[in-house]
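Colleague: Mind folding the following:
(one chain, ligands or ions: 1)
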Amino acid sequence: MKRILVLGAGGFIGSHLVTRLKNNGHYVIGIDLKLPEFSASTADEFVQADLRNPQICEQYITDEIDEIYQLAADMGGAGYLFSGENDFNVMHNSALINLNVSHCAIQAKVEKVFFSSSACIYPQVNQTDPNNPNCEESSAYPADPDSEYGWEKIFSERLYHAASRNYDLNVRIARFHNIYGPEGTWNSGKEKAPAALCRKVAMANQEDTIEIWGDGTQTRSFLFIDDCIDGILALMESDCTEVLNIGSEEMVTINRLAEMIASHAEKSIALNHIDGPIGVMGRNSENSLVTKSIGWIPKVSLAEGLSRTYQWIDSQVAVMEQNG
Ligand code: NAD
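Modeller: Just a heads-up that it's a prediction; the model follows:
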């Protein structure tokens, strides 16, 4: 049994990760600004605190901790990250957290640290063709992410690598590609495309129209939460110190994503394309390296994952509508 600290434990991926680590028999301490939104945390201890505060990090990152999973970040979907309005906060808040965590992990000689980076670090120039984006790990440089969120992630990847080179901090880094699933935010303004579209379809009547940002030909891949947690744990258990993609290679257009959700809901829905923040035109995970290095491959198809996510969001919408 390890003593594990999950930072960002009140968030979507963090709360699922806490549950898995608990099921695997570990003692888990979660830290976050907020409690998980949709169900109680399964952590042994949950601390509501601000990781931008160095004293908080010093207090909880001690030599009693075996592993840290660092998922805390100021983040959201395209509506949050690409509007330009949150740029300073996104960079400043997340960089402060990573500066504090890396420093304290070195001081406390924590055995292993996981850091969650993002597909948003990949250069925009490689993601202009929706049918042929390049997101191989080795394509990250010369760096040119399309958001300040991506720049902070690439800075922090380098920060943890520097900690590893200069202070022997044992670090694992994954670049997540659009993680989705039940208990992910769906109406906070920070939701991502799958949750936003599930909500719009769930709230629509038969033959209604829903709005899509852009012309809907932009492509993405989406990874179901259970596969993401499998990937994180496989990476942490491995000796691999290279940065790896953790994503799905099942790329679809946003129009197709909306159609799949509508078809699952058995609703005939029309799409109305409006202006909105869309990010790069194409993005897909490239899994050759992750498969070769740690043997991880996603198991849940997009159709299956969307069905499970839609069911959950549909029930959330029903509760919201009941409560007026
Ligand atoms: P999330 O927003 O649900 O979780 C992040 C958590 O960090 C939130 O609960 C938030 O309250 C917490 N947090 C923010 N600032 C904090 C602070 N100062 N002190 C303490 N806690 C703080 O996001 P998520 O989807 O669970 O993502 C987890 C990690 O994975 C993030 O680092 C994110 O950048 C990364 N990531 C996620 C995706 C995705 O598709 N969900 C894709 C790429 C990378």
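Colleague: in the chain, which spans are helices?
Modeller: Secondary structure of the chain, counting by DSSP state H: helices at 12-23, 54-60, 78-81, 87-107, 148-167, 193-203, 225-237, 254-264, 288-294, 302-322.
Colleague: number of nearby residues for Asn272?
Modeller: By the criterion of other Cβ atoms under 10 Å, Asn272 has 10 neighbours. C-beta: built from backbone N, CA, C; applies to glycine.
Colleague: Now for the closest residue to it other than its chain neighbours: which residues touch it?
Modeller: Spatially, and ignoring its direct neighbours in sequence, Asn272 is nearest to Thr209 (4.7 Å; Cβ to Cβ, 6 or more residues apart in numbering). Residues in contact with Thr209 (Cβ atoms under 8 Å, 6 or more residues apart in numbering) are 269-272.
Colleague: How about Ser39?
Modeller: The contact partners of Ser39, taken as Cβ under 8 Å, 6+ apart, are 15, 183.
Colleague: Quick one, grab the pLDDT at it.
Modeller: Note on Ser39: pLDDT of 96.
Colleague: Can we start the residue count at 51 from this point?
Modeller: All right, first residue 51 from here; so that's Ser89.
Colleague: measure Asn182 to Gly134 for me?
Modeller: To Gly134, Asn182 is 28 Å away according to Cβ to Cβ, to the nearest Å.
Colleague: got the residues of this protein near the ligand?
Modeller: For the chain, the contact set with the ligand under Cβ under 6 Å from any ligand atom comprises 58, 60-64, 82-84, 100-102, 121-125, 143, 147, 166, 168, 226, 228-229, 242.
Colleague: which of those count as buried?
Modeller: 58, 60-64, 82, 101-102, 121-125, 143, 147, 166, 168, 226, 228-229, 242 (16 or more other Cβ atoms under 10 Å).
Colleague: mind checking which helix or strand of the protein has the lowest mean pLDDT?
Modeller: Least confident helix or strand, the chain: helix 128-131 with a mean of 88, by mean pLDDT, DSSP states H and E.
Colleague: outside of it, which residues touch it?
Modeller: Residues from elsewhere that reach helix 128-131 (Cβ under 8 Å, 6+ apart): 125, 136, 140, 170, 197-199, 239-243, 246, 263, 326-329.
Colleague: same thing but at 7 Å, please
Modeller: With contacts defined as Cβ atoms under 7 Å, 6 or more residues apart in numbering, helix 128-131 is touched by 125, 136, 140, 197, 199, 239-240, 263, 327-329.
Colleague: now do stretch 179-191
Modeller: Contacting residues not belonging to stretch 179-191 are listed as 169, 171-173, 176-177, 267-269, 292-295, 303, 331-336, 339 [Cβ under 7 Å, 6+ apart].
Colleague: Tell me which residues of it come out buried.
Modeller: Across stretch 179-191, burial judged by 16+ other Cβ under 10 Å covers 180, 183-185, 187, 190.
Colleague: closest to Arg358 among the contacts of helix 128-131?
Modeller: Lys240 (20.6 Å; Cβ to Cβ).
Colleague: For that closest one, which non-adjacent residue is spatially closest?
Modeller: Nearest one to Lys240, counting by Cβ to Cβ, 6+ apart, is Gly126 at 3.2 Å.
Colleague: Phe62 too?
Modeller: Nearest non-adjacent residue to Phe62, counting by Cβ to Cβ, 6+ apart: Gly234, 4.4 Å away.
Colleague: if I look at that neighbour, how far off is Ser188?
Modeller: 30 Å.
Colleague: Where does the prediction get shaky in the chain?
Modeller: Scanning the chain for pLDDT under 70 picks out nothing.
Colleague: Quick check: the residue of it nearest the ligand.
Modeller: The ligand sits closest to Gly61 of the chain, with a gap of 2.0 Å, by Cβ to the nearest ligand atom.
Colleague: follow-up on the earlier one: out of the helices of the chain, which one sits most buried?
Modeller: Highest mean neighbour count among the helices of the chain (mean count of other Cβ atoms under 10 Å): helix 243-253, with a mean of 24.
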